[in-house]
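> build me a model from this:
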Amino acid sequence: MLAFEAALAESEAAAGVISVEAAAAIVAAIGSFAPDTQALQRATARDGVVVPELVAQLRAVVDKAHRHHLHFGATSQDVIDTAFSLCIAPVLDDFANRLTEIVGRLDTLDKRDGALVVQAHTRMQKAVPVPVSRKIASWRDPLWRSLGRMDEIKNAVVLLHFGGAAGTLDKLGDEGEKVARHMAAALNLPYVPGARHSERDGQILLAGWLSSVSSSLGKMGQDICLMAQNEIGEVILSSGGGSSAMPHKVNPVGAETLVTLARFNATLIAGMHHAGVHENERSGAAWTLEWMLLPQMVMATAAGLRTAASLLDSIRFTATGAAS
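The predicted structure is shown next:
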């Protein structure tokens, strides 16, 4: 959010909307700013958004002659939606790295155990024997396809959001586009014409992608749970969860976690579609619902990717089940 305010001031100075001196004073104040986080928390409960209090605190430390230029022409949603873009970009890069790592571990598992034969099941009934490679492909290929959709997701959510009070940049007049383009370059974000305050298709697309990744990991987890059953014995876990009552058990906790996280994100995706229904130019209720859901989906997906990588290090296949 502070990066947004600094870029806004510098861009408005470059376009002649405010003075160079005003922009310098604002950027200097931001550079040494220490927020009162407790006041921000209280104000968020009161205002429904953190930005009014943040701007008030910033104005208090900007030189009096220039403080009225801070946040000029912007609105709270510009700040937060752009801040989200800046935050989610490295997260998506991290997710791409984690997916690549998991696909690589599945390839390694396939090379080691892929030729073994296990029992296929359709509708929970025995079907025909299949190579382990068949199982692994059904785990790996959807993750590979999700990785291939990463650029589409980034293009939908990693961008500058800047429209002012009603999305028209009315306070900036003819200089609105010039300021916005300069800001986008300063923040290393794509410029898109028109504010997307009430157009949440990008966030919904991201949520769908997160849920899809979780579902793919959940399918892998579900299969491993079934194959690790003692009477099936096609997957051996080198580590797992213990039991308070039965010391012999190695519970498939990692695999179970993947199933749980998949169902958790699948539950939240419906709420994200509700959060896409904004009234008129901006919505407080729909936007608040989005922020109750989307961070949880990001964290759940991150947890799933971390858990899957660890789980794949702990399993090996056997042909015991198919032979029986």
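
> kindly list the longest helix within this protein.
helix 76-113 (DSSP state H).

> could you list the low-pLDDT ranges of this protein?
Scanning the chain for pLDDT under 70 picks out the ranges 239-250, 320-324.

> now with 90, please.
For the chain, residues meeting the criterion pLDDT under 90 lie at 127, 194-195, 230-231, 238-252, 282, 284, 319-324.

> could you pull out the helices for the stretch 151-300 of the chain?
Ranges of helices within the stretch 151-300 of the chain are 176-187, 201-227, 253-275, 284-312, based on DSSP state H, counting those that start in this stretch.

> can you give me the buried ones in the third one?
So that's helix 253-275. Within helix 253-275, the residues scored as buried using 16 or more other C-beta atoms under 10 Å are 253-262, 264-265, 268-269, 271-272, 275. Using the backbone N, CA and C atoms, a C-beta is placed for each residue, glycine as well.

> what is it packed up against?
For helix 253-275, the packing partners by 3 or more C-beta pairs under 8 Å, 6 or more residues apart in numbering; DSSP states H and E come out as helix 201-227, helix 284-312.

> over to the longest one?
Secondary-structure packing of helix 284-312 (3+ C-beta pairs under 8 Å, 6+ apart): helix 76-113, helix 201-227, helix 253-275.

> of all those helices, which one comes closest to residue 179?
helix 76-113 (11.5 Å; C-beta to C-beta).

> let me know whether residue 167 touches residue 199 as I believe.
No - using C-beta atoms under 8 Å as the test, residue 167 is too far from residue 199 to be in contact (9.4 Å).

> which one's more surrounded, those two?
Neighbour count, other C-beta atoms under 10 Å: between residue 167 and residue 199, residue 167 has more, with 20 against 12.

> what's the burial count for the closest residue to the more buried one other than its chain neighbours?
Spatially, and ignoring its direct neighbours in sequence, residue 167 is nearest to residue 195 (3.6 Å; C-beta to C-beta, 6 or more residues apart in numbering). Number of residues near residue 195 (other C-beta under 10 Å) recorded here: 24.

> residue 195 against residue 161, yeah?
Yes - Residue 195 lies in contact with residue 161 (C-beta under 8 Å); the separation is 6.4 Å.

> now do the shared contacts for the two.
residue 78 (C-beta atoms under 8 Å, 6 or more residues apart in numbering).

> picking that back up, just checking, what packs against the longest helix of the chain?
Contacts defined by 3+ C-beta pairs under 8 Å, 6+ apart place helix 76-113 against helix 2-14, helix 51-61, helix 132-148, helix 150-157, helix 201-227, helix 284-312, strand 315-317.

> buried sites along the second one?
Within helix 51-61, the residues that qualify as buried are 51-55, 57-59, 61, counting by 16+ other C-beta under 10 Å.

> for the last one, same thing?
Neighbour counts over strand 315-317 (16+ other C-beta under 10 Å) mark 315, 317 as buried.

> same check, this time on the fourth one
Judged by neighbour count (16+ other C-beta under 10 Å), helix 150-157 contains these buried residues: 153-154, 156-157.

> give me the neighbour count for the residue lying closest to residue 156 once chain neighbours are set aside.
Spatial nearest neighbour of residue 156, excluding adjacent residues (C-beta to C-beta, 6+ apart): residue 202 at 3.7 Å. Using other C-beta under 10 Å, residue 202 has 21 neighbouring residues.

> list the contacts of residue 202.
Contacts for residue 202 (C-beta under 8 Å, 6+ apart) come out as 156-157, 159, 196.

> coming back round to it: dump the helices and strands packed on helix 76-113 to TSV, plus distance to residue 32.
Output for the helices and strands packed on helix 76-113, formatted as TSV (distance: least, C-beta to C-beta, whole Å):
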stretch	distance to residue 32
helix 2-14	11
helix 51-61	8
helix 132-148	41
helix 150-157	31
helix 201-227	33
helix 284-312	29
strand 315-317	52
